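In: following is a predicted model, sequence given first.
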Amino acid sequence: MTIQWFPGHMAKARRQVTEKLKFIDIVYELVDARIPLASRNPMIDEIITNKPRLVLLNKADMADPKITKEWINFYKSNGIQALAIDSQTGTGLKQIITSSRDILKEKFDKMAAKGIKPRAIRALIVGIPNVGKSTLINRLAKKNIAQTGDRPGVTKAQQWIKVGKDLELLDTPGILWPKFEDQLVGQKLAATGAIKDTILNLQDIAVYVLNFLKEEYPERLKDRYNIEELPEEIVPLFDEIGKRRGCMVAGGYIDYDKTSELILRELRSQKLGPISFEEPKQFEENESNE
Ligand SMILES: Nc1nc2c(ncn2[C@@H]2O[C@H](COP(=O)(O)OP(=O)(O)OP(=O)(O)O)[C@@H](O)[C@H]2O)c(=O)[nH]1
């Protein structure tokens, strides 16, 4: 099934982000730490052009910490600073200001040399739907939503949010879209709950997840579902899980929809532990194969 990519929405979203760029010093590109590539807008580089950027690997609490570290190194080797954060608890958020200062040092030093008074760093958060933009803004904002009507960028609907004395955020984040038309991207987005289960077939998503876990995290599957030896084929694996969890229909058959739902629910509620669906290694291999 192909998912439509609504060119009208995209153009509008893009225009809105572009308009905001002129008011800010730095873009915070929020991605899902479990799928840093699938959860980014493929045209982000083109959209933000040469604005400085800090990549925030959000929901790091749900990702495999070892792979998150690899991602941070991967970005670093490409000249981009990235931080692992958990917007829900606030873990890692302090580092945002430190890293921003570091990235913008040259610009602010130049401003100081010209005698311009030091001011707070101005930032815009961008990211795909459901990646955690509002959670991050609320966490950073606490009660500091500022009414600063005399500032460029402040229109009737737009406000700056103060984060301490050193940072100001535009309160409305930029929403960008993932690359829907790629089936694997869609499956990763669905697996992590970024898009509704009704968009893709539930069983297809569960098959993708089971195949992935069988390859990358077989021990977690065995432990969770009490399976000594994982079957080679996917249908018998479904059957084992369905049987063990009582996902049956009359006549002793497995209810595949119910089993799929169970697997996805347990994955998303961390019952299978922190899992990353993408690692930089694969990406580098793919790139060199092209
Ligand atoms: N575990 C975990 N959950 C998070 C984190 N950040 C956000 N969430 C959850 O992810 C879901 C989506 O978060 P939102 O803040 O609504 O995402 P958004 O990007 O503002 O979404 P849109 O408004 O659709 O653009 C919510 O259920 C949050 O509680 C995080 O760091 N860790």
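Out: Here it is on my side, so go on. Numbering: from 1, shown residues only.
In: quick one: the residue nearest to residue 84 when sequence neighbours are not counted from residue 98, how far?
Out: Taking Cβ to Cβ, 6 or more residues apart in numbering as the measure, residue 84 lies nearest to residue 60, with 3.8 Å between them; neighbours along the chain are not counted. In this view, the C-beta of every residue, glycine as well, is placed from N, C-alpha and C. Per Cβ to Cβ, to the nearest Å, residue 60 is found 17 Å from residue 98.
In: and if you look at residue 196?
Out: Counting by Cβ to Cβ, the separation of residue 196 from residue 98 is 37 Å.
In: then residue 247?
Out: 48 Å.
In: and what of residue 199?
Out: To residue 98, residue 199 is 38 Å away according to Cβ to Cβ.
In: so for the regular element (helix or strand) spanning residue 125, mean pLDDT?
Out: Secondary structure from DSSP states H and E places residue 125 in strand 121-127. Along strand 121-127, the predicted confidence averages to a pLDDT of 96.
In: mind listing the strands it pairs with, and their directions?
Out: Partner strands and pairing direction for strand 121-127 (DSSP bridges) are strand 26-32 (parallel), strand 167-170 (parallel), strand 174-175 (parallel).
In: circling back: any idea how far the residue nearest to residue 84 is from residue 209?
Out: Going from residue 60 to residue 209 by Cβ to Cβ gives 20 Å.
In: ok, now residue 267?
Out: Residue 267 is 6 Å from residue 209, by Cβ to Cβ.
In: what residues do those two have in common as contacts?
Out: Taking Cβ atoms under 8 Å, 6 or more residues apart in numbering as the contact criterion, the common neighbours of residue 267 and residue 209 are residue 191.
In: using PDB, write out every CA atom in stretch 128-136.
Out: Coordinates of each C-alpha in stretch 128-136 appear next as PDB, following Å, rounded to 0.1, in the frame of the first residue of the first chain:
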ATOM      1  CA  ILE A 128       7.900  15.200  12.300                       C
ATOM      2  CA  PRO A 129       4.500  14.700  14.000                       C
ATOM      3  CA  ASN A 130       4.600  12.800  17.300                       C
ATOM      4  CA  VAL A 131       8.400  13.000  17.800                       C
ATOM      5  CA  GLY A 132       7.900  14.900  21.000                       C
ATOM      6  CA  LYS A 133       8.100  18.600  20.100                       C
ATOM      7  CA  SER A 134       5.400  19.700  22.500                       C
ATOM      8  CA  THR A 135       6.700  17.600  25.300                       C
ATOM      9  CA  LEU A 136      10.200  19.100  24.900                       C
END
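In: is the ligand contacted by that stretch?
Out: Yes. For stretch 128-136, a contact with the ligand is found by Cβ under 6 Å from any ligand atom, at 129-135.
In: what lies in contact with that stretch?
Out: For stretch 128-136, contacts defined as Cβ under 8 Å, 6+ apart pick out 30-32, 39-41, 56, 58-59, 85, 87-88, 93, 125-127, 173, 175-178, 193-195.
In: just the buried ones from the residues you listed?
Out: With neighbours counted using 16 or more other Cβ atoms under 10 Å, these contain these buried positions: 30-32, 39-41, 56, 58-59, 85, 87, 93, 125-127, 173, 175-178, 193-195.
In: which of those come close to the ligand?
Out: Under the cut-off given by Cβ under 6 Å from any ligand atom, the ligand has 58-59, 87, 127, 175 from the buried ones among the contacts of stretch 128-136 close to it.
In: from those, which is closest to residue 215?
Out: Each of those was scored against residue 215 by Cβ to Cβ, and residue 59 proved nearest at 21.9 Å.
In: excluding chain neighbours, what is closest to residue 193?
Out: Counting by Cβ to Cβ, 6+ apart, residue 193 lies nearest to residue 268, which is 5.0 Å off, once chain neighbours are set aside.
In: so where's the stretch 151-290 of the chain shaky on pLDDT?
Out: Judged by pLDDT under 70, the stretch 151-290 of the chain has its weakly predicted residues at 151-158, 285-290.
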